[in-house]
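**Q** Provided below are the primary sequence and the corresponding predicted coordinates.
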Amino acid sequence: MIFDHVYTYLLLGILPNWCSLIARFVAPLFVFMLVEGFFHTHSRKDYLFRILGAAAITWIGEIAINLAFHRVDPLTHKMTIYSLLQGNNILVTLAIFLGIMWALELFRENKKRWYYLLLAIFLCFLSLPFEGGLYLLPVLLLFYFAYHKPTIESIGIFVWCLLLFIKAVHTAQVANISLYSSLTFDSEWMMISVIPLIWLYNGQRGKKSWLSKYFFYIIYPAHLWLLMIIKYLFFS
C-alpha cells in the first residue's frame, strides 16, 4: 500500500509504469479482511464507527493540507470542493461496504423487511464514485456471498479480472495506444494477485494486541498526509 502511494504521489513518471501492477492485491485484500471482520467482530456498530471515524480524520487532514497549500482545480484554476478533497481515502469505500453487508444481513434475517434490501442497493450505488468502488463492489459481493468458500472466491476473482483485462485490451485498441500503456494504466485486472493470499489464509485470528487492531487506522492517514506534503513542497 505504502509503495503504491509513494509511486503514485512522488514517483509517477520516474519509475517504470509496470510498478502500478505490484500492489493491486492490496485493495481486494482490504475488502477480504473487511468481510472477515464483519462476521467476527463483537460489535458491528463499533466496527462501522471506527472506520467512519478514521475516514473522517483522513479527510479532515487532507482538506487541511490542500487548504494550506492552496490547491486549485486544474480546469478552473480555483479552489473547489474537488480540489479540497484531493487525496486517497479508501476508508470511505470500506465504510459503505460494511453498511452494504449489514443491510444485507438484516434482510436475510427477516425478508419481510424489504427496506433493508433497498438500503443495500442504494449503498451499492453510493459506493461507486468513491475510491475503488466501481472495481471493488463486485469483489465485496463475491467475498460476502461466497464467505469461506475460497474456490468460488478464486474463480470469481479470476473471471472479474479477466473481464477487466479484456476491457484494458479493448481500450488500447479503441484509443490507439500501446497495450503496455493500457494494461499499466487500467491495472485493476492485476487484482488477480490476491488469490494466493486468499488460499494462505487459515481462518484463524493472529495475535491480538492494541497495535494490531489500530495500526492501520494510524498509518493510513499518517502516510498519506506525509506524502501529500512532500509532493506539494518538492514535486509541484
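**A** Right, received. Where do you want to start? What you see is a predicted model, and the numbers here were worked out from it, not measured in a lab.

**Q** For the host helix or strand of Glu36, which outside residues touch it?
**A** In the assignment (DSSP states H and E), Glu36 maps to helix 26-40. Residues outside helix 26-40 that contact it (C-beta atoms under 8 Å, 6 or more residues apart in numbering): 1, 4, 44, 47, 90, 94, 97-98, 101-102, 132, 135-136, 139-140, 143-144, 147, 157, 191, 194, 197-198, 201, 205. Using the backbone N, CA and C atoms, a C-beta is placed for each residue, glycine as well.

**Q** can you do 6 Å?
**A** Helix 26-40 has contacts (C-beta atoms under 6 Å, 6 or more residues apart in numbering) with 1, 94, 101, 132, 136, 139-140, 143-144, 191, 194, 197.

**Q** Just checking the distance from the helix or strand of the chain with the lowest mean pLDDT to the centre of its chain.
**A** Within the chain, no helix or strand scores below helix 81-84, which has a mean of 84 by mean pLDDT, DSSP states H and E. Chain-centre distance of helix 81-84: 20 Å, with C-alpha atoms, centre = their mean, to the nearest Å.

**Q** Am I right that Ala56 falls within a helix?
**A** Yes. Assigned with DSSP: H, G, I helix; E, B strand; the rest coil, Ala56 falls within a helix.

**Q** how many other residues sit next to it?
**A** By other C-beta atoms under 10 Å, the residues close to Ala56 number 15.

**Q** what packs against the helix or strand harbouring Ile157?
**A** Here Ile157, judged by DSSP H and E, is contained in helix 150-175. Here helix 150-175 touches helix 179-185, helix 195-200, going by 3 or more C-beta pairs under 6 Å, 6 or more residues apart in numbering; DSSP states H and E.

**Q** could you redo the last one with a cut-off of 7 Å?
**A** helix 133-145, helix 179-185, helix 195-200 (3 or more C-beta pairs under 7 Å, 6 or more residues apart in numbering; DSSP states H and E).

**Q** Give me whichever of those helices is most buried.
**A** helix 133-145 (a mean of 20; mean count of other C-beta atoms under 10 Å).

**Q** remind me which residues of the protein are low pLDDT?
**A** 206 (pLDDT under 70).

**Q** Outline the domain layout of it.
**A** Per automatic domain parsing, the structural domains of the chain span 1-6+23-133+211-227, 149-202.

**Q** Show me what counts as buried in stretch 4-13.
**A** 4-7, 9 (16 or more other C-beta atoms under 10 Å).

**Q** same check, this time on stretch 113-124
**A** Buried, per 16+ other C-beta under 10 Å, within stretch 113-124: 116, 119-120, 123-124.

**Q** Likewise for stretch 44-56?
**A** Within stretch 44-56, the residues that count as buried by 16+ other C-beta under 10 Å are 44, 47-48, 50-52, 54-55.

**Q** What about the nearest residue to Leu134 once chain neighbours are set aside, how many residues nearby?
**A** Once flanking residues are discounted, Leu134 sits nearest to Leu128: 5.2 Å by C-beta to C-beta, 6 or more residues apart in numbering. Applying other C-beta under 10 Å, we find 14 residues neighbouring Leu128.

**Q** thinking Leu128 is in contact with Tyr135, fair?
**A** No. The criterion here is C-beta atoms under 7 Å, and Leu128 misses it with Tyr135 at 9.7 Å.

**Q** Measure how the helix holding Ile157 sits relative to helix 26-40, angle-wise.
**A** If you take axes from the mean of the first three to the mean of the last three C-alpha atoms, to 10 degrees, helix 150-175 sits at 150 degrees to helix 26-40.

**Q** Any chance of a markdown table for the buried residues of stretch 44-56, columns distance to Ile14 and secondary structure?
**A** As requested, those are arranged in a markdown table below (distance: C-beta to C-beta, whole Å; DSSP: H, G, I helix; E, B strand; the rest coil):
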| residue | distance to Ile14 | secondary structure |
| --- | --- | --- |
| Arg44 | 43 | helix |
| Tyr47 | 39 | helix |
| Leu48 | 39 | helix |
| Arg50 | 36 | helix |
| Ile51 | 33 | helix |
| Leu52 | 35 | helix |
| Ala54 | 30 | helix |
| Ala55 | 30 | helix |
